[in-house]
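Q: Quick one: sequence plus predicted model below, questions after.
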Amino acid sequence: MSRARIYARNLMTNWSAHVVNLVVMFFLSPFVVHTLGKMEYGIWSLLTVLTGYMGILDLGVRASTGRHVMLYLGKEDHEAVDHTIRTSLGFFSLTGGLVLAVGLLAGLIFPSAFRSVPAEYHTLVLILLPVMAMNVWFSAVGTVFSTVIIAHERFDIRRGIDMGVLGLRAAGTIIALTLGYGLLGLTAVIVICNLVGLLANWVMAHRVYKPFKAWPLMLSKERVRELMGYGVAAFISTISVNIIGQTDLVIVGAAISVSSVAVYSVGATLIYYSSNFLGHIGDTFFPSVQRAAARDEMGSMRWLFLRQVRLGMLVGILLNIGFIVFSEPFIRLWMLGPKFPESSVQQAATVMAILAASKLLLLPEIGAGGLLAAMGHIRVTAAVTLVEAATNLGLSLFFVLVLKWGLAGVAAGTLFARLIVRTFFLPWYACSKLGLSVSTFVFRIGGTAFLAGGLFAAACIGLRTMIPMDSWPTFAGTAALALLCYIPIALLIIVPAEDRRRLSGFVGRLAFDRQKGLP
């Protein structure tokens, strides 16, 4: 099978799994919000954010393990692969107690940090946070096993495990909330599902990579030094990403109210999920990028980078402009109810539109972070992400506390921070390292994306003006019409001529085979 087909297969596998995830989220989120109510859902969102912060206690070793396993597999150094895996597992075995202690401390601090949380929840939070902290440890260990699967580009296996865990989690959530177990039930479901995922990844890692060993654990000084050398920069990036993606909810809970966390979370949820959708592009290509970097194949790295950017533009314009234009009718249909009134719908829609606009600013640099990491320039991306996080935090607080913009101000901090710090620098730096002309990149890729985005936005605004989207059938029909408008725009403007010819040939062969009755 050609490399292009392998990329297509892996990307379709990742995207198909994510579509299933989106469908589950679409139906499950209103049930969870309306069952818990805004206060308990806000508490749950904050618990999720705080345990997400605990993930930084891996000091970047998770990301470093993935990078080095792929690097040494590219060099066919199986002894180094083995030592990297067992050293990583040894490191995480030592940090489990630290994670638990941080969870206990967070539970003690929670009531004073979020004063609008009623007193009857304080003891429950003190119990749940340490339990969820151990869930972070399960995730870290499971990631080491899944890295082995991904390094062999067996995304079908990896996403198959994800789908099994997703089904278990969805069923468990419905049962736990229906039986009235609330936050305690949700926590139990999440922990059990992550443990199941860990075991499944361990089993499949053995099948994919025969030399795989998880025991005996080791702490080789050479490997620890190597993992930490790359991991420190990855650690900084992780902290920064958490500040950018998750501190918004903390600011809302501390500076506005915990019930407002639920409103912000509803507006941001679909944006976060779509970010994962686009992130799968980089995940799919990264093993090949790392191998090309290990072999110093500059031509392959250029092709892989540009391919990722074009794919990101192709998908990102469709998703994010759709979110901007259709956010209000979507959230009204999705969430409107006694526990989520019209005022909350308006606020959540504003948050969604602003965050979607901020995601458009990231499209030119899709693939740049993975490329620079593979080439050993992760410190640059870490520094950029750290500056963006600090700018985001400062602007969000300014917009909320000084300008009194409320939830829109928190989202606006993310938008302006990206525009100021990240949008232009990372694509320029990646081009300079690859020897690509920046002007060519700007006009051929940025220019075409701007033109396609403008035309698609005009089409979406026209459709929203003409069609009242007051029911799911009319909303779905309008979305389908928007997609039909986007297809010719994307094909003629974003998709390169050689890909159009390849697609035309494939469609022609398919039609010929059907005409002749071939399978």
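A: All right, it came through fine.

Q: Give the buried residues for stretch 179-189.
A: Buried positions in stretch 179-189, judged by neighbour count with 16 or more other CB atoms under 10 Å: 182-183, 185-187, 189. Just so you know, the C-beta spots here come from the backbone N, C-alpha and C atoms, and that holds for glycine as well.

Q: From these, which land in helices?
A: If you go by DSSP state H, the buried residues of stretch 179-189 have 182-183, 185-187, 189 in helices.

Q: which of the residues you listed lies closest to residue 362?
A: Nearest to residue 362 among these: residue 186, at 30.6 Å, using CB to CB.

Q: thinking the closest one is in contact with residue 173, fair?
A: Yes: the criterion here is CB atoms under 8 Å, and residue 186 meets it with residue 173 at 6.4 Å.

Q: Would you mind listing the residues touching both of those two?
A: Counting by CB atoms under 8 Å, 6 or more residues apart in numbering, the residues touching both residue 186 and residue 173 are residue 32.

Q: picking that back up, for the buried residues of stretch 179-189, which one is nearest residue 125?
A: Taking CB to CB as the measure, residue 125 lies nearest residue 183 of those, at 8.3 Å.

Q: For residue 344, see how far away that closest one is.
A: Relative to residue 344, residue 183 is positioned 21 Å away (CB to CB, to the nearest Å).

Q: Tell me the one among the buried residues of stretch 179-189 nearest to residue 472.
A: Of the buried residues of stretch 179-189, the one sitting nearest to residue 472 (CB to CB) turns out to be residue 186, at 27.0 Å.

Q: got a list of what the closest one touches?
A: Counting by CB under 8 Å, 6+ apart, residue 186 has contacts 32, 44, 173, 176-177.

Q: ditto for residue 368
A: Applying CB under 8 Å, 6+ apart, we find residue 368 in contact with 305, 381, 426-427, 429-430.

Q: are any of these buried, and which?
A: Buried positions within the contacts of residue 368, assessed by neighbour count (16+ other CB under 10 Å), are 305, 381, 426-427, 429-430.

Q: Spatially nearest residue to residue 117 (excluding sequence neighbours)?
A: Spatial nearest neighbour of residue 117, excluding adjacent residues (CB to CB, 6 or more residues apart in numbering): residue 258 at 5.4 Å.

Q: wait, the one you found sits on residue 118?
A: No: here residue 258 does not reach residue 118: they are 9.1 Å apart, not a contact under CB under 8 Å.

Q: Compare these two and say which is more crowded by neighbours.
A: The neighbour count for residue 258 versus residue 118, taken as other CB atoms under 10 Å, is higher for residue 258 (24 against 11).

Q: Of the buried residues of stretch 179-189, which is the nearest to residue 447?
A: residue 186 (46.7 Å).

Q: Can you pull the residues that touch both of residue 258 and residue 118?
A: Residues touching both residue 258 and residue 118 (CB under 8 Å, 6+ apart) are residue 39.

Q: Quick check: residue 333 vs residue 350, distance?
A: 17 Å.

Q: For my notes, confirm residue 217 occurs in a strand.
A: No: counting by DSSP: H, G, I helix; E, B strand; the rest coil, one finds residue 217 to be coil, located in no strand.

Q: Count residues in the vicinity of it, would you?
A: As a burial measure, residue 217 scores 15 neighbours (other CB under 10 Å).

Q: Just confirm it contacts residue 93, I think it does.
A: Yes: contact status for residue 217 versus residue 93: in contact at 5.9 Å, counting by CB under 8 Å.

Q: Residue 43 reaches residue 116, doesn't it?
A: No: applying CB under 8 Å, one finds residue 43 not in contact with residue 116, separated by 10.1 Å.

Q: Find the pair from the contacts of residue 368 with maximum spatial separation.
A: Across the contacts of residue 368 (CB to CB), the longest gap, 13.8 Å, separates 305 and 381.

Q: before we move on, back to that, out of the buried residues of stretch 179-189, which one sits closest to residue 398?
A: Checking these against residue 398 by CB to CB gives residue 183 as the nearest, at 32.9 Å.

Q: where along the stretch 351-500 of the chain do the helices fall?
A: Taking DSSP state H, counting those that start in this stretch as the criterion, the stretch 351-500 of the chain contains helices spanning 368-374, 378-397, 407-417, 425-434, 438-441, 447-466, 472-489, 497-516.

Q: Tell me the helices and strands packed up against the fourth one.
A: This points to helix 425-434. In terms of contacts (3 or more CB pairs under 8 Å, 6 or more residues apart in numbering; DSSP states H and E), helix 425-434 is packed against helix 298-335, helix 368-374, helix 378-397, helix 438-441.

Q: circling back: next, format the ones in helices among the buried residues of stretch 179-189 as JSON lines and append pLDDT and distance to residue 471.
A: Output for those, formatted as JSON lines (pLDDT from 0 to 100; distance: CB to CB, whole Å):
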{"residue": "182", "pLDDT": "89", "distance to residue 471": "32"}
{"residue": "183", "pLDDT": "91", "distance to residue 471": "33"}
{"residue": "185", "pLDDT": "92", "distance to residue 471": "33"}
{"residue": "186", "pLDDT": "92", "distance to residue 471": "31"}
{"residue": "187", "pLDDT": "92", "distance to residue 471": "36"}
{"residue": "189", "pLDDT": "93", "distance to residue 471": "33"}
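
Q: Please spell out the PyMOL selection for the buried subset of the contacts of residue 186.
A: Burial among these is assessed by 16+ other CB under 10 Å; the matching PyMOL selection reads:
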select buried, resi 32+44+173+176+177
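
Q: Hmm, residue 427 and residue 305 touching each other?
A: No: contact criterion CB under 8 Å: residue 305 and residue 427 do not qualify, at 9.6 Å.

Q: Only the buried residues of stretch 156-173, if you could.
A: Applying 16+ other CB under 10 Å to stretch 156-173 flags 157-162, 165-166, 169-170, 172-173 as buried.

Q: and stretch 206-214, how far apart are its ends?
A: Terminal residues of stretch 206-214 lie 9 Å apart, using CA to CA, to the nearest Å.

Q: Pull out the buried positions in it.
A: 208-209, 212, 214.

Q: can you check stretch 125-137 too?
A: Buried residues in stretch 125-137 (16+ other CB under 10 Å): 125-126, 128-137.

Q: where does the stretch 101-250 of the chain have low pLDDT?
A: By pLDDT under 70, the weakly predicted segments of the stretch 101-250 of the chain are 230-245.

Q: how much space between the spatially most central residue of the chain and residue 22?
A: By CA atoms, centre = their mean, the chain has its centre lying nearest to residue 276, at 2.9 Å. Between residue 276 and residue 22 the computed distance is 9 Å (CB to CB).

Q: Ranking helices and strands of this protein by mean pLDDT, which lands last?
A: helix 497-516 (a mean of 62; mean pLDDT, DSSP states H and E).
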